[in-house]
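*Asks:* need the 3D shape of this:
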Amino acid sequence: QVQLVESGGGLVQPGGSLRLSCAVSGIIININAMGWYRQAPGKDRELVATTTSAGNTNYADSVKGRFAISRDNAKKTVYLQLNSLKPEDTAVYYCHASIRTSFVGGARDYWGQGTQVTVSS
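*Replies:* This is a model prediction of the structure:
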């Protein structure tokens, strides 16, 4: 059974930093894209950043220059470094991964349970 386990959320003051981690557990064939999404109260879930297995990255305009996504394929882990945090970054952050678990069929989407990031003075 594949699980994505997130860690690293918390309360931070504006201008501060956090680092989120998401580790994949279970028996898998390979992991394709991995990424982070967030959902603020009363809003839809939105893309924050994604990375391919080759290391190519994509960011939402609102976080470019402040957040950095990276992955360690050997550890089956994706990270999100959040710098220069703003109150509007407050949300539940969800990890996503496209994972193939069988030689029959394609990859499917998996989600973490979410980790709360609160930016407040």
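
*Asks:* contact partners for Ala49?
*Replies:* 35-36, 57-60, 63, 67-69, 80 (C-beta atoms under 8 Å, 6 or more residues apart in numbering). C-beta coordinates here come from the backbone N, C-alpha and C atoms, glycine included.

*Asks:* centre-most residue in the protein?
*Replies:* Nearest residue to the geometric centre of the chain (C-alpha atoms, centre = their mean): Trp36, 2.6 Å.

*Asks:* give me the contacts around the helix or strand harbouring it.
*Replies:* Per DSSP states H and E: Trp36 is located in strand 30-39. By C-beta under 8 Å, 6+ apart, the surrounding residues in contact with strand 30-39 are 20, 22, 24, 45-53, 69, 71, 73, 76, 78, 80, 89, 91-100, 107, 114, 117.

*Asks:* report the contact partners of Tyr110.
*Replies:* Here Tyr110 is in contact with 2-4, 24, 96-99 (C-beta under 8 Å, 6+ apart).
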